[in-house]
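J.: Generate coordinates for the sequence data below:
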Amino acid sequence: MMKMDANDDDDVSLFDAEEDSASRKSKVKHPVASFFHLFFRVSAILVYLLCGLFGGSFIACMVTIILLLSCDFWTVKNVTGRLLVGLRWWNQVDDDGKSHWVYESRKTNGKKSSQTSNAESRIFWLGLIVCPVLWVIFAFSTLFSFKIKWLAVVILGVVLQGANFYGYVRCKMGAKTNLRSMATNYFGRQFFKQALTKQEES
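T.: The predicted structure is shown next:
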């Protein structure tokens, strides 16, 4: 594993289209890790929805959701990210009390590792992106429907799954890449492509 901290210059784009596709297979090499990558987070969402629809015990539902979210956070942060996409992140505090974000990326001979498959990468990023978005939607719906008792639960879902999402995006892109500048550059390129396409059509 190759470590990167906030001072490293090693940047990698989030969905790298230039990866060596010939060396990556589409089969799932880690089925158990892939299953649990989705199991805890999807189960937490299902429990939340079913409790809200069928009026189950609030305390039992809340405890179950918190346990599922906690298991998901630990599993994604420490296991599935390393196995499915070769990435890992954490925060550590030095002797001076200063906090440092540390990023790990599995590499072989200076190149991105080919041990991960396309299927596993899709499973990882799909689960990592979609579920926090759903918790954000739940947070807004909880506010608008005045179900204040669920607010702490959905905020916990947003925080725990959002933390993993943020950590892995920073790890994938590289520690020094600014998220805002990346988004600006992406939309700028899309606008430029659209302008060229319209000009060619006319």
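
J.: give me the number of residues near the nearest residue to Ile148 once chain neighbours are set aside?
T.: Sequence neighbours aside, Thr142 is the residue nearest to Ile148 in space, at 7.4 Å (criterion: C-beta to C-beta, 6 or more residues apart in numbering). C-betas here are computed from N, CA, C, even on glycine. Residues near Thr142, counting by other C-beta atoms under 10 Å, number 20.

J.: my read: Thr142 touches Val154, true?
T.: Yes: counting by C-beta atoms under 8 Å, Val154 is a contact partner of Thr142 at 5.4 Å.

J.: after the longest helix along the chain, next one along is what?
T.: As assigned by DSSP state H, the longest helix anywhere in the chain is helix 118-144. Under the assignment DSSP states H and E, the closest C-terminal helix or strand after helix 118-144 is helix 151-173.

J.: Which neighbouring elements make contact with that following helix?
T.: Judged by 3 or more C-beta pairs under 8 Å, 6 or more residues apart in numbering; DSSP states H and E, the packing partners of helix 151-173 are helix 31-54, helix 58-75, helix 81-84, strand 87-93, strand 99-105, helix 118-144, helix 179-201.

J.: Comparing these, which comes out most buried?
T.: Neighbour counts (mean count of other C-beta atoms under 10 Å) averaged over each of those peak at helix 81-84, with a mean of 22.

J.: Alpha carbons only: can I get that one in PDB?
T.: Once non-C-alpha atoms are left out, helix 81-84 reads as follows in PDB (Å, rounded to 0.1, in the frame of the first residue of the first chain):
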ATOM      1  CA  GLY A  81     -12.500   0.000   0.200                       C
ATOM      2  CA  ARG A  82      -9.200  -1.800   0.500                       C
ATOM      3  CA  LEU A  83     -10.400  -5.000  -1.200                       C
ATOM      4  CA  LEU A  84     -12.700  -3.700  -3.900                       C
END
